[in-house]
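Chemist: Predicted model and sequence follow; I will ask about them next.
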Amino acid sequence: MISVTGVSHDLGGTMVLHDIELEIPKGKVTALIGPNGAGKSTLLSLIARLARHRTGRIMVDELEVGVCASNALARRLAILPQSSEIAPRLTIAELVAFGRYPHHLGRPGKHDREKVAEALTLFDLDPLAQRTLDTVSGGQRQRALLAMIFAQDTDYMLLDEPLNNLDIAASRSLMALLQRLAQEHRRTVVIVLHDINYACAYADHIVTMKGGQIGPQGDAETLVDGRLMQDIFGTDAVVHRIGGRTFVAV
């Protein structure tokens, strides 16, 4: 479980997170949703220690994020930020192999190669393995980045708006794959999303954020309604329940 207790954070003297209290369930897909500037990406960065929190405590199972060894954290948790500066001439296979570094520390072995092969197959990248990143589509590049995170073989995967710049088909395919990782591989997926309908369709647990604070949370069926859309997003919406699924029309 990821546990965040009493965490506040400022950027340039402006408070962007206020006394965050949050528990993220293990082995499920948890979606963080909210308007721009709600603090979703900042919270993800603090959990992954891309930035240091100044107050409170963040635990990933028994590891205290603020003080644990970097390699220990990298073996437990992987993050895919919104933007990644990656050499365009890397092959997809080479990119995915980077995910194994926290385990082999520069000396890859048979087990590392097997994990890379598993990730390439799971993400349907075998036909593209020797293609360079500048020769594949945006959706294929995103799948390669996710395969790299999967190859890191961590219990927790944090993804910051991975659907950006993907079309509908690629987005649906990616979300279905993340759902499969949680269900079949027992990965805990924490994902920042802007489209609430993807959260409703694929997330087991939804956490709302607004103004640097945690709002209501729960599953789509019990959480999402017209009042939530007005309170969190400031917009009118009609919420439909069809066949046990929740759809939001704005």
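Modeler: Okay, I see it.
Chemist: When you work out contacts or count neighbours from here on, use the C-alpha atoms and nothing else.
Modeler: OK.
Chemist: Buried ones in stretch 211-226, by neighbour count?
Modeler: The neighbour-count check on stretch 211-226 (16 or more other Cα atoms under 10 Å) flags 211-214, 217, 219-220, 223-226 as buried.
Chemist: List the contacts of it.
Modeler: 15-22, 37-40, 199-200, 203-209, 232, 236-239, 241, 244-246 (Cα atoms under 8 Å, 6 or more residues apart in numbering).
Chemist: Just the buried ones from those?
Modeler: For these, a burial check counting by 16+ other Cα under 10 Å picks out 16-22, 38-40, 199-200, 203-209, 232, 237, 239, 246.
Chemist: In strands only, show me those.
Modeler: Judged by DSSP state E, strands contain the following of the buried ones among the contacts of stretch 211-226: 16-22, 205-209, 239, 246.
Chemist: can you redo the residues you listed as TSV with pLDDT and distance to residue 73?
Modeler: Output for those, formatted as TSV (pLDDT from 0 to 100; distance: Cα to Cα, whole Å):
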residue	pLDDT	distance to residue 73
16	94	24
17	96	22
18	94	24
19	95	23
20	97	21
21	97	21
22	98	19
205	97	24
206	98	24
207	98	23
208	98	26
209	98	25
239	93	40
246	93	36
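Chemist: Could you export those residues as JSON lines, including distance to residue 189?
Modeler: Formatted as JSON lines, those follow (distance: Cα to Cα, whole Å):
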{"residue": "16", "distance to residue 189": "23"}
{"residue": "17", "distance to residue 189": "22"}
{"residue": "18", "distance to residue 189": "24"}
{"residue": "19", "distance to residue 189": "23"}
{"residue": "20", "distance to residue 189": "19"}
{"residue": "21", "distance to residue 189": "19"}
{"residue": "22", "distance to residue 189": "15"}
{"residue": "205", "distance to residue 189": "10"}
{"residue": "206", "distance to residue 189": "12"}
{"residue": "207", "distance to residue 189": "13"}
{"residue": "208", "distance to residue 189": "16"}
{"residue": "209", "distance to residue 189": "17"}
{"residue": "239", "distance to residue 189": "25"}
{"residue": "246", "distance to residue 189": "20"}
